[in-house]
Structures are given as structure tokens and as C-alpha cells.
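Peer 1: sequence and computational prediction follow.
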Amino acid sequence: MIAKESQVLEGGNFLVKEYFRKMIGEEGMKIMENVPAGEITDEEIARLSDTKLSSVRKVLYTLYENRIAEYRTERDDNSGWITYLWRFNRDNVKKIMEEEAEVNLNELNRQLEEERKGVFYQCNCQRILFEEAAAKNFCCDECGSNFEYIDNGSLIKELEEQVEVIAKWMKGIKKG
Ligand SMILES: [Zn+2]
């Protein structure tokens, strides 16, 4: 029997688990559920999870691509048979999640700053800054309609909310 706390997916917080689920799907979760910490072969994982070896390999490949799984090989001197020993690094999941969140956050903050600084006008085909609209005499030469002032207050509010959600989310990742 394998102690529960030694399992790869055990003890992780909800966010980390959800991220995992998105990455490897429901079947992947089922496969990883029974994987203990430490090194393991794909055949053992298939046996533990009662899944086809090809499905296990697919999940392992996805995890490998996402830097969560790594392997080393061992060669049997007599048979020449090569064994792949897999290991999982759950801390990397958090790192990847944090990196992604940070990219999102930076992009949102950049957009937010633009919206706060600018005064925007819109015609039927595009949204531009006041300065550009004024340079075109408030008439779009592409669609022929006038540039009208638009209030971006609600967009700013929406962006601020998104920033807050991501910031909270990042705190949640750190906790688990
Ligand atoms: Zn236009």
C-alpha cells in the first residue's frame, strides 16, 4: 500500500488540481491519481491505474512537455533493455501557473493604463484615440461614419476586476 500523502496529486490545492485537469483531462487525472512520489515506470503506472499503456504514455508526454514530468533511462546490461524511470515535479505546476498569471497580469495592467490615459472615439469599424479622430476631422475614411466619443469607464472597471481576480488567484496558488 502507498501512503496517501506520498501521491503526486494528493494535498495539492484546488487551483493546482484544476490546472492539472485542464492539461491532462479526466482520464489523465484518473491515471495520475494513483501515482506515488518517487520514480516509476510507465508500465507500473498503467498497472496501478488499470489503464492502457498508450493512454499512460500520452499523459506522460503531455506532462513532460509542460515540464512537470521528467525521466531518466536505465539500461539492462544483459538484455540491453532500456527502462524509462519517470518522476514528477508538482512544484513546477505552481511555477508555470504563476508565470502564466504574471504574463496575463502584465498585459491587463498595460491595457488598463492605456484605457485610463486615453480618450477614445469609435466609428462603425474601429476604435481610436481622440488625437487620431481629431486628425481625421472625426470622420472615418474607411467606413464613412463619424467618430463618436465613447465612455470607457465600464471597460476600465471590467479590467480592474480581472486584475483583482488574477491577483487573488496568484495568492491562492502560493498558499497550496
Ligand atoms: Zn470606420
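Peer 2: That came through fine. Numbers count the residues shown, from 1 in each chain.

Peer 1: look up how far residue 154 lies from residue 130.
Peer 2: Distance check for residue 130 against residue 154: by Cβ to Cβ, to the nearest Å, it reads 18 Å. Quick note: C-beta positions are derived from backbone N, CA and C, even for glycine.

Peer 1: mind checking which of these two has more residues around it?
Peer 2: Under the neighbour definition other Cβ atoms under 10 Å, residue 130 and residue 154 were set side by side, and residue 130 has more, 14 against 8.

Peer 1: so for the helix or strand residue 116 falls within, what gets flagged as buried?
Peer 2: Using DSSP states H and E, residue 116 sits in helix 90-117. Within helix 90-117, the residues scored as buried using 16 or more other Cβ atoms under 10 Å are 90, 93-94, 97, 101, 104-105, 108, 112, 115.

Peer 1: between these, which sits nearest the ion?
Peer 2: The shortest approach to the ion among these belongs to residue 115, at 20.1 Å (Cβ to the ion).

Peer 1: list the contacts of that closest one.
Peer 2: Contacts of residue 115 were listed using Cβ atoms under 8 Å, 6 or more residues apart in numbering, and they are 152, 155-156, 159.

Peer 1: how is the chain partitioned into domains?
Peer 2: For the chain, the structural domains run 4-88, 94-175, going by automatic domain parsing.

Peer 1: hey, least reliable of the ones you listed by pLDDT?
Peer 2: Ranked by mean pLDDT, the domains of the chain bottom out at domain 4-88, with a mean of 87.

Peer 1: any idea how far it is from the middle of the chain?
Peer 2: Relative to its parent chain, domain 4-88 has a centroid offset of 19 Å by Cα atoms, centre = their mean, to the nearest Å.

Peer 1: also stretch 93-113?
Peer 2: A distance of 10 Å separates the centroid of the chain from that of stretch 93-113, by Cα atoms, centre = their mean.

Peer 1: then stretch 145-156?
Peer 2: A distance of 32 Å separates the C-alpha centroid of stretch 145-156 from that of its chain, computed with Cα atoms, centre = their mean.

Peer 1: list of residues touching it?
Peer 2: In contact with stretch 145-156 (Cβ under 8 Å, 6+ apart) are residues 112, 115-116, 118-125, 127-128, 130, 133, 136, 138-140.

Peer 1: give me the element residue 166 is part of.
Peer 2: Applying DSSP H and E, one finds residue 166 within helix 153-175.
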